[in-house]
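Participant: Just the structure for this:
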Amino acid sequence: MSRVYTVAVVGGGIGKSHIVEGYETNKDRLKVIAICDLDPIRRNALADEFGIERRVENFDDLLKMDDLDIIDVCTPPMVHYPMVVAALKAGKHVVCEKPLVGSLAEVDEIIELEKTSRGKLMPVFQYRYGNGIEQVKRIIEAGIAGKPYVGTVETLWRRGPDYYTVPWRGKWKTELGGVLMTHAIHPHDIFTYLMGEPKSLFGRVATRVNAIEVEDCISASLEMESGALASFTATLGSADEISRIRLAFEHVTFESDHEAYNPGKLPWKILPRNDATKAKIEALLADWQDVPSRFQTQMRRFWDALEGLGPMPVTSRDSRRALEIVTAFYHSSETHEEVSFPVTEGHPKYRSWLPEGFR
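Facilitator: Purely as a prediction, here's the structure:
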């Protein structure tokens, strides 16, 4: 019989999506027993909706619950680091929304803490999951795609003044960044998940759409470790909303479904260069089994990892890569210099990418 792990969700915003998509669909393995939120109206409404008895205001109360296995951190970014550290030190497993923390130094501290912690950490990158991206990943890993040539990532979303009425959004100290941190971080993670490690980046950021502190437009040119070239573009001022990822390999070109908030699902375009490659792909995918998108598969694979049935689906090192890209963007835009990876201790923005005056 499958073990059922108990979960507390901290933060009722994106936390509701975790419950609906991730825990309700895996309730034979993961059971939410507590809701923690500072807002009593939201806390009680969410608990009532899903029949959850424990309604907690103080995060520290969760650390004392002996029958609680997992703490799922869905709070504003500025409190991720202390909550993740406290939960790991208390021996809990941890799920944490992006961005994991607010600097590369903090990521590295958590990576060290994980080595001695009884609990395991899974950052959230739910856009990795779905039939489309899973098929592309399978084709690439099978060697059918061949040499990677170039790739493009476009995160063209829309956010206006109403979005920034939420007090913590649009501010360096609380959101920790703009479109790079809160929006494009997902498609950029998909890109490196499929195309591998970046070697260098030259980027620019700008604030052109909204009256906020952080950036809402970005563009960059990258060189990958494989030698492939790439470009990233994002804005929060698009008339429509798409997330488009296009990857050109030696034998196959891939393009994501353009759905802004679920690019992992079908249909991805899979364009083989010739009939021989097409036949290899058809044979590889002949017995395909459904991969549900977003949180449903990520949470299921988290359970698998806890049970020793598979690897952790997303790791703190995956989050480090994502935050290295963020750090490189800000440094390159500020200095007009190309940034080489990895970004390590001694780099000017290793301990914080926030501008002077906001740290």
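
Participant: In contact with the residue nearest the centre of the chain, which residues?
Facilitator: A centroid search over the chain (C-alpha atoms, centre = their mean) returns F125, at 2.9 Å, as the residue closest to the centre. Contacts for F125 (C-beta atoms under 8 Å, 6 or more residues apart in numbering) come out as K98, H186, D189, Y193, Q298, V314, D318, A322. Heads up, the C-betas are built off the backbone N, CA and C, glycines and all.

Participant: farthest-separated two in these?
Facilitator: Pairwise distances across those peak at 15.0 Å for Q298 and A322 (criterion: C-beta to C-beta).

Participant: which residue ranges form the helices in the stretch 101-250 of the chain?
Facilitator: With helices called from DSSP state H, counting those that start in this stretch, the stretch 101-250 of the chain shows them at 104-114, 131-141, 172-175, 179-182, 185-195.

Participant: most neighbours per residue, which of the ones you listed?
Facilitator: Sort the helices of the stretch 101-250 of the chain by mean neighbour count, taking mean count of other C-beta atoms under 10 Å, and helix 179-182 sits at the top with a mean of 24.

Participant: Who are the packing partners of that helix?
Facilitator: strand 217-224, strand 229-235, helix 316-335 (3 or more C-beta pairs under 8 Å, 6 or more residues apart in numbering; DSSP states H and E).

Participant: Looking at these, which is nearest to R42?
Facilitator: helix 316-335 (26.6 Å).

Participant: Report all helices and strands that that closest one contacts.
Facilitator: In this structure, helix 316-335 makes packing contacts with helix 104-114, strand 121-123, helix 179-182, helix 185-195, strand 198-206, strand 217-224, strand 339-340, judged by 3+ C-beta pairs under 8 Å, 6+ apart.

Participant: okay, these in CSV with mean pLDDT and distance to I52 next?
Facilitator: Shown next, in CSV, are these (pLDDT from 0 to 100; distance: least, C-beta to C-beta, whole Å):
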stretch, mean pLDDT, distance to I52
helix 104-114, 98, 28
strand 121-123, 98, 21
helix 179-182, 96, 27
helix 185-195, 98, 28
strand 198-206, 98, 40
strand 217-224, 98, 39
strand 339-340, 98, 45
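
Participant: right, so of these, which gets closest to E259?
Facilitator: Across the helices and strands packed on helix 316-335, closest to E259 is helix 185-195 (C-beta to C-beta), at 11.4 Å.

Participant: returning to what we had before: with mean neighbour count as extra columns, can I get the helices and strands packed on helix 179-182 in JSON lines?
Facilitator: Shown next, in JSON lines, are the helices and strands packed on helix 179-182 (neighbours: other C-beta atoms under 10 Å):
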{"stretch": "strand 217-224", "mean neighbour count": "20"}
{"stretch": "strand 229-235", "mean neighbour count": "20"}
{"stretch": "helix 316-335", "mean neighbour count": "22"}
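
Participant: Include distance to P40 when you put the helices of the stretch 101-250 of the chain into CSV, please.
Facilitator: Output for the helices of the stretch 101-250 of the chain, formatted as CSV (distance: least, C-beta to C-beta, whole Å):
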stretch, distance to P40
helix 104-114, 30
helix 131-141, 39
helix 172-175, 21
helix 179-182, 26
helix 185-195, 31
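
Participant: who wins for proximity to G203 among those helices?
Facilitator: Among the helices of the stretch 101-250 of the chain, helix 179-182 sits nearest to G203 (C-beta to C-beta), with 8.8 Å.
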